[in-house]
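Q: next one to model:
(chains A, B, C and D)
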There are 2 protein chains.
Amino acid sequence: MSLMPASNPLDDAAETAAAPAAPSFSPLYQQIKALILQSLEAGEWKPGEAIPSEMDLAARFRVSQGTVRKAIDELASENLLVRRQGKGTFVATHAEQHVQYRFLRLVPDAGERGSEAPADRSILECRRTRASAEVARALGLRTADPVVQVRRVLAFNGVPTILEDLWLPGVAFKGLTAEQMADYQGPTYAMFELEFGVRMVRAEERLRAVAADDTQAKLLKVAPGTPLLSVERIAFTYNDVPMELRRGLYLTGDRHYRNELS
Amino acid sequence: MSLMPASNPLDDAAETAAAPAAPSFSPLYQQIKALILQSLEAGEWKPGEAIPSEMDLAARFRVSQGTVRKAIDELASENLLVRRQGKGTFVATHAEQHVQYRFLRLVPDAGERGSEAPADRSILECRRTRASAEVARALGLRTADPVVQVRRVLAFNGVPTILEDLWLPGVAFKGLTAEQMADYQGPTYAMFELEFGVRMVRAEERLRAVAADDTQAKLLKVAPGTPLLSVERIAFTYNDVPMELRRGLYLTGDRHYRNELS
DNA sequence: GAGTGGTCTAGACCACGCG
DNA sequence: GCGTGGTCTAGACCACTCA
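A: Numbers count the residues shown, from 1 in each chain, chains lettered A, B, ... in the order given. Purely as a prediction, here's the structure:
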């Protein structure tokens, strides 16, 4: 059975750009996956909502339930969808996702409980500006394109712990204010979903150890030269489109960045 | 169909220790997965070897090929097995695995190619000693149990970049010598597989930024106080048994620790 | 061409959540 | 009790590898 011609435009999106050898074969479930992805991207189902049942989707795409299932399996393993037995399959969201702060890996050395109070955010800066060459490259923009820059400090139990700079594409985040950044309860990425329809799906981080300069030291209330964990992040929406550059400086005195390897 | 009683001893191994609520239901493919895991653990198939075909395993376990397939799917996604279409399913190994240094996330800022020359290892120390309280806890041993301690420096293109201390359970690594650590070409974990039959399957890391003390600075040929990325790793064999504690200090001047979030 | 993993189907039944 | 996801089966066919 063939839902669409062997080489269809959807295939291209799934590839890693400069692949010279054509795939020449695309399993049906991959095509279904691409179709579901399109609907997600187009906002046919909103974050937190249920998508149609496997049976419904199978009927809609004229394939068997097992094929839809395999497509959803992959989307779920990429954290784009969440399955809940007996209830349905839901569009993943940074809000209400009981693992809040999905991308924040900094945890207390002891305890590790999610019971910890959420961080206090103080927004030091939130202004429209123009992309430097470096920022432009990271965000796939051109130098001097409009961007929104945010600087903030996160404090846990009153202790300043993270100094963060964010750069966001000006077009997508038109109208972002310091108040929005400060007032929203819950993950910043949840606010981005709600207010700007931008859903971060994946991120790449580069970690380094650096010494605090005078400005950074003052903001984090530590001595200049204190070692800080520098975390540079590029966050992507669908189709690997970069939508945020973030540079965090983490104080790792009584916290650490947790990672799992396999 | 039921291959074995609903609550069998294998189930316990798969659980996260202190779970109060019994699972009360274990899918057949999970039971098959546990059986395959047992065979892997027992060394029925050696690293790099092929395991029996899906059809063979299905016959052996008296289940359908699809059920075996699902069990293997999970083991493959945990990097315990590697599937190769047309050839078979193979036991994963740290050797010959064309992504060498599977657990090392430190990459050059530019280039990033695997084309880089492998690191020179100089072994500064390799001795039998007794576990401190901290080491014992990490390795699931008792204080003063025998351990092997190794200290080494890894240099890329002649530049010392990583200072590492390793602690290994003395019983499993009886007879490990500095020569073995130095001479083996390829990943250290591959040598552990070959020489000691110990296969690292998973690891947890804790990252911090620290300042180099005098000893560390001397060994890495940098100024005291230079910020270093501290990477504490516990590596596990099958069944989440810890088999290595490692503390690395990474120089991140022109390299970074790469991580993917999703 | 034989053997392996990979895909797809159709149908049955099970576990879970909720009204 | 119904609808959802989750499991299991049996059989057909496809893509890849290697002799």
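Q: return the residues in contact with A:Leu141.
A: A:Ala131, A:Val135, A:Val147, A:Pro169 (Cβ atoms under 8 Å, 6 or more residues apart in numbering or on different chains). All C-beta atoms are positioned from the backbone trio N, CA, C, and that covers glycine.
Q: for these, give me TSV that also has pLDDT, secondary structure and neighbour count.
A: Output for the contacts of A:Leu141, formatted as TSV (pLDDT from 0 to 100; DSSP: H, G, I helix; E, B strand; the rest coil; neighbours: other Cβ atoms under 10 Å in any protein chain shown):
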residue	pLDDT	secondary structure	neighbour count
A:Ala131	98	coil	22
A:Val135	98	helix	20
A:Val147	98	strand	23
A:Pro169	98	strand	23
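Q: report the contact partners of the residue lying closest to A:Pro169 once chain neighbours are set aside.
A: Using Cβ to Cβ, 6 or more residues apart in numbering or on different chains and skipping residues adjacent in sequence, the residue nearest A:Pro169 is A:Leu139, 5.7 Å away. Contacts for A:Leu139 were tallied using Cβ under 8 Å, 6+ apart; they are A:Ala131, A:Val147, A:Trp167, A:Pro169, A:Ile234, A:Pro242, A:Met243, A:Glu244, A:Leu245.
Q: what is the nearest of these to A:Gly86?
A: A:Met243 (34.1 Å; Cβ to Cβ).
Q: okay, the contacts of A:Leu139 in JSON lines with distance to B:Ala117 next?
A: Below are those laid out as JSON lines (distance: Cβ to Cβ, whole Å):
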{"residue": "A:Ala131", "distance to B:Ala117": "36"}
{"residue": "A:Val147", "distance to B:Ala117": "39"}
{"residue": "A:Trp167", "distance to B:Ala117": "35"}
{"residue": "A:Pro169", "distance to B:Ala117": "39"}
{"residue": "A:Ile234", "distance to B:Ala117": "28"}
{"residue": "A:Pro242", "distance to B:Ala117": "32"}
{"residue": "A:Met243", "distance to B:Ala117": "37"}
{"residue": "A:Glu244", "distance to B:Ala117": "35"}
{"residue": "A:Leu245", "distance to B:Ala117": "32"}
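Q: ok, back up a step: from A:Gly175, how far off is the residue nearest to A:Pro169?
A: 18 Å (Cβ to Cβ, to the nearest Å).
Q: also A:Arg62?
A: 42 Å.
Q: same deal with A:Tyr257?
A: In terms of Cβ to Cβ, A:Tyr257 sits 33 Å off from A:Gly175.
Q: that older thread, out of the contacts of A:Leu141, flag the one nearest to DNA strand D.
A: Of all the contacts of A:Leu141, DNA strand D sits closest to A:Pro169, with 33.6 Å by Cβ to the nearest atom of the strand.
Q: so the residue nearest the centre of chain A versus DNA strand D, what's the distance?
A: Taking Cα atoms, centre = their mean as the criterion, A:Met200 is the residue nearest the geometric centre of chain A, at 2.9 Å. Using Cβ to the nearest atom of the strand, to the nearest Å, one gets 24 Å for the distance from A:Met200 to DNA strand D.
Q: again with A:Asp213
A: Taking Cβ to the nearest atom of the strand, one finds A:Asp213 at 49 Å from DNA strand D.
Q: ok, the residue nearest to that residue when sequence neighbours are not counted - how many residues close by?
A: Nearest residue to A:Asp213 in three dimensions, chain neighbours excluded: A:Pro224, at 6.5 Å (Cβ to Cβ, 6+ apart). Neighbourhood size, A:Pro224 [other Cβ atoms under 10 Å in any protein chain shown]: 12.
Q: for chain A, what lies in contact range of chain B?
A: A:77-79, A:102-103, A:105, A:201-211, A:225, A:227-230, A:232-233, A:250, A:252, A:256-262 (Cβ under 8 Å from any Cβ of the partner chain).
Q: which among the residues you listed end up buried?
A: The neighbour count (16 or more other Cβ atoms under 10 Å in any protein chain shown) marks A:102-103, A:105, A:201-203, A:205-211, A:227-230, A:232-233, A:250, A:252, A:256-257, A:259, A:261 as buried among the residues of chain A next to chain B.
Q: chain center to stretch A:168-180: distance?
A: Centroid separation for stretch A:168-180 versus its chain: 16 Å, with Cα atoms, centre = their mean, to the nearest Å.
Q: check which residues of that stretch are buried.
A: Those would be A:Leu168, A:Pro169, A:Gly170, A:Ala172, A:Phe173, A:Leu176, A:Gln180, for stretch A:168-180 by 16+ other Cβ under 10 Å.
Q: remind me which residues of chain A are low pLDDT?
A: Within chain A, the stretches with pLDDT under 70 are A:1-24, A:112-115.
Q: per the record, what domains does it have?
A: Following automatic domain parsing, one gets these domains for chain A: A:9-91, A:106-257.
Q: quick one: closest of the ones you listed to DNA strand C.
A: domain A:9-91 (2.4 Å).
Q: can you tell me if that closest one touches DNA strand D.
A: Yes. Using Cβ under 7 Å from any atom of the strand, domain A:9-91 reaches DNA strand D at A:24-25, A:51, A:53-56, A:66, A:69, A:83-89.
Q: does the longest helix anywhere in chain A reach DNA strand C?
A: Longest helix of chain A, by residue count under DSSP state H: helix A:28-42. Yes. Among the residues of helix A:28-42, A:Leu28, A:Tyr29, A:Gln30 lie within reach of DNA strand C under Cβ under 7 Å from any atom of the strand.
Q: which among those residues end up buried?
A: The buried subset of the residues of helix A:28-42 next to DNA strand C (16+ other Cβ under 10 Å) comprises A:Leu28, A:Tyr29, A:Gln30.
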